[in-house]
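Asker: with the sequence up front, the predicted model follows.
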Amino acid sequence: MMDFKISKDANHRQEYDRKHIWHPYTSMRHPLPAYMVSRADGVYLELDDGRRLIDGMSSWWTAIHGYNHPRLNTAVAQQLSSMAHVMFGGITHEPAIALAQRLISLTAAPLQHVFFCDSGSVSVEVAIKMAIQYWFAAGKTKKQRLLTVRGGYHGDTFGAMGVCDPVNGMHQMFTGVLPQHLFAPRPKPDNGTWEDAWIAEFKELLESHRDEIAAVIVEPIVQGAGGMNIYNAEYLRQFRRLCDENEVLLIFDEIATGFGRTGRMFAYEHADVVPDIICLGKSMTGGYMTLAATLASTKVAEGISADGSGVLMHGPTFMGNPLACQVAVESIDLLLESPWEDRVNAIEQQIAKELAPCCQLPVVDNVRNIGAIGVVETRTPVNLSRIQKRFVENGVWIRPFGKLVYIMPPYIIEPEQLSTLTSAIYNVLEEWGKESD
């Protein structure tokens, strides 16, 4: 019998991890440090050595209720006692139906049809398939390209990579094998003003390629991993108008922004417009397990089957997983029963006030925020390994990338805990600036 025992010595375990386990966006030859977490509770991550860190990342936008929440724990335990998983082909179950009811009730009225996915990237893949199949069924088989804006990020699978920023994104090496989609200029950062010239190139691309464009896909209001760009809601109204005028579908990727993160339940509500397809994920399960959903309007769903044989060609093995669906139901109910709008508004105001002094630091280019999102953009890329270590030493978990030092804390964070995060950002960047002199 093979021996799978792992040493109880923390250093040995971390050395094994370093040699054998790939972490996100990390080299196996020169891996970044990986800190050993032994427990998570509330807004805290507890390391193996006993140190407690305030989590400013909500585990990449997901843990909006914090960790180890008793109601979410109970939901998983109770569902586990009946069934952990069944195939979704030809079978349905109460957790999936209950979750679909909540998603349809929360989103705009036209979005009546739910496709459950494994992850956010897959929900984007499904949205792209929906758009192409919709036009295929309508006899417009040349409409197979997507139009989007630069600065976007939609995931790391191939269809999703194809609509990520091709120049400043993370996927340049795959350009030769990705579909060649169309990219309009990145939306201007929101400064409270609007100029029609900002949408001119988007309009020109859409009108000149309308016969081959199946859909426009964008992250509404906030572009996430592509640069944390916060832009004017008027862009969304213009996108909707131009798509309608040119017979093109509109897809909103709300994987990161959905469920209250920008101060509205969904970011598209800032503009009072409705997409034809919406992608949801991340915080839907409160950070407990992977699950996403692609919702489509009745026009799209029925249009796909217009020729009598149009079935949506996608079917993940773990589609509609009962455990994930049940904890998502409980997470949504927990959110709706909480004063989440007041909490997010308070977080927004505190972040704006407490990150503002960072503007005076020589290493900082600008500071911006919306809802429970705060961003400090530096003038040059940070040394991730070094700055990560300093944040840990300051008692916080903040994971920068490139020039962006940002936080999106759990909604349950207390003011003094949030102050610890914002103070750490200022202190560490001030220290970095002095070292750079």
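Answerer: All right, it came through fine. None of the values given here were measured: they were computed from a predicted structure.
Asker: so what's the most centrally placed residue in the chain up against?
Answerer: In the chain, the centroid-proximal residue (CA atoms, centre = their mean) is residue 256; its distance is 2.5 Å. Residue 256 is in contact with 61, 120, 219, 222, 224, 225, 282, counting by CB atoms under 8 Å, 6 or more residues apart in numbering. From N, CA and C alone the C-beta is placed, and that goes for glycine too.
Asker: can you list which of the residues you listed are found in strands?
Answerer: residue 222 (DSSP state E).
Asker: pLDDT check: weakest of the contacts of residue 256?
Answerer: When those are compared by pLDDT, residue 225 scores lowest at 91.
Asker: surely it meets residue 401?
Answerer: Yes: using CB atoms under 8 Å, residue 225 is in contact with residue 401, at 7.4 Å.
Asker: more neighbours: these two, which one.
Answerer: Between residue 225 and residue 401, counting by other CB atoms under 10 Å, residue 225 is the more crowded of the two (22 against 15).
Asker: please report phi then psi for that one.
Answerer: phi -70, psi -10 (degrees, to the nearest 10).
Asker: so how far is residue 168 from it?
Answerer: 11 Å (CB to CB, to the nearest Å).
Asker: could you chop this structure up by domain?
Answerer: 10-68+339-436, 73-337 (automatic domain parsing).
Asker: ranking these by burial, who's on top?
Answerer: domain 73-337 (a mean of 20; mean count of other CB atoms under 10 Å).
Asker: ends of it, how far apart?
Answerer: End-to-end distance of domain 73-337 (CA to CA, to the nearest Å): 17 Å.
Asker: swap in stretch 282-297?
Answerer: First residue to last in stretch 282-297 (CA to CA) measures 22 Å.
Asker: for the chain, which element, helix or strand, carries the lowest mean pLDDT?
Answerer: helix 10-20 (a mean of 86; mean pLDDT, DSSP states H and E).
Asker: dump the residue contacts of residue 402.
Answerer: 381, 382 are the contacts of residue 402 under CB under 8 Å, 6+ apart.
Asker: got a pLDDT number for it?
Answerer: On pLDDT, residue 402 comes in at 93.
Asker: same thing with the one 10 residues further on?
Answerer: The confidence metric pLDDT takes the value 98 at residue 412.
Asker: just give the closest residue to it, not the sequence neighbours.
Answerer: Nearest residue to residue 412 in three dimensions, chain neighbours excluded: residue 66, at 4.7 Å (CB to CB, 6 or more residues apart in numbering).
Asker: any idea how far that neighbour is from residue 432?
Answerer: 29 Å.
Asker: same thing with residue 15?
Answerer: Using CB to CB, residue 15 is found at 28 Å from residue 432.
Asker: for residue 346, same thing?
Answerer: With CB to CB as the criterion, residue 346 and residue 432 are 29 Å apart.
Asker: picking that back up, and the helix or strand just after the least confident helix or strand of the chain with helix 10-20, angle?
Answerer: Per DSSP states H and E, the first helix or strand lying C-terminal to helix 10-20 is strand 37-41. For strand 37-41 against helix 10-20, the angle by axes from the mean of the first three to the mean of the last three CA atoms, to 10 degrees is 100 degrees.
Asker: let me see the contact set for the residue nearest to residue 207 when sequence neighbours are not counted.
Answerer: Closest residue in space to residue 207, ignoring its immediate chain neighbours: residue 246 at 6.1 Å, by CB to CB, 6+ apart. The neighbours of residue 246, taking CB under 8 Å, 6+ apart as the test, are 206, 207, 210, 213.
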